[in-house]
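Undergrad: Here you go, sequence then predicted model.
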Amino acid sequence: MQRLQYPYHSSWKAIIAIAAMFGAGLALFAWKTATNDRGVIINHAIELGPRGATIFYGVLALASALFVAAALFLAFSRTKFEHHLLIDDRGLELPKSNWAQAHQLIAFADITSVEQVVMSGQHWIIVKHRGGKVNIDRNRLPNKAAFEEVAQALVSRTRR
């Protein structure tokens, strides 16, 4: 049985894009919060006075700050932990979480179903097993070919 092993982590491109986009949003909404003296109409349906608009901009600034923090945590995780996805004779091994070095092993005998899902252009493999389920995200593998190889290997090895 062929052994497949790939690095399994968020890409630098995605981490930098998240940090940059929400960092710009944080700067904009923090500035709007600090300098606002006007109301705002949201989608021609919700009208807020100056105080409500300031609170609204503050909430958007806080949400943007949380996404920037998440990007920083992803960058920390990527540099601190050596995450991988491994398929061998024992089964499927992948990280337990983004925030720890520990990996979990799922034996092929414990896998009850393997399903590919596409939603809004995002691709996952959902692996259901006796202990629950795990999602394998295409964006965390090196490329599309690696994702297809993992999907094919899981399907073929769990059908036996």
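TA: Noted; the coordinates are in hand. Not measured: the values here are computed from a predicted model. Numbers count the residues shown, from 1 in each chain.

Undergrad: Flag every buried residue along the longest helix along the chain.
TA: Counting by DSSP state H, the longest helix found in the chain is helix 50-80. For helix 50-80, the neighbour count (16 or more other Cβ atoms under 10 Å) marks 53-54, 56-58, 60-61, 64-65, 67-68, 71, 74-75, 77-78 as buried. Yep, even glycine has a C-beta here, placed from its N, CA and C like the rest.

Undergrad: do stretch 98-111 as well
TA: Across stretch 98-111, burial judged by 16+ other Cβ under 10 Å covers 98, 103, 106, 108, 111.

Undergrad: same question for it, mean pLDDT?
TA: Averaging pLDDT along stretch 98-111 gives 87.

Undergrad: tell me the contacts of the residue nearest to residue 105 when sequence neighbours are not counted?
TA: Spatially, and ignoring its direct neighbours in sequence, residue 105 is nearest to residue 93 (4.8 Å; Cβ to Cβ, 6 or more residues apart in numbering). Residue 93 makes contact with 84-87, 103-106, according to Cβ atoms under 8 Å, 6 or more residues apart in numbering.

Undergrad: Next: residue 122.
TA: Neighbouring residues of residue 122 by Cβ under 8 Å, 6+ apart: 137-139.

Undergrad: pLDDT wise, what is it at?
TA: pLDDT, read off for residue 122, is 90.

Undergrad: May I have the beta-bridge partners of it?
TA: Counting by DSSP bridges, residue 122 is bridged to residue 119.

Undergrad: Could you check how far it is from residue 7?
TA: 19 Å (Cβ to Cβ, to the nearest Å).

Undergrad: hmm, back to that, let's have the buried residues of stretch 98-111 in TSV, adding distance to residue 28 and secondary structure.
TA: What follows is the buried residues of stretch 98-111, written out as TSV (distance: Cβ to Cβ, whole Å; DSSP: H, G, I helix; E, B strand; the rest coil):
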residue	distance to residue 28	secondary structure
98	28	coil
103	40	strand
106	44	strand
108	50	helix
111	46	strand
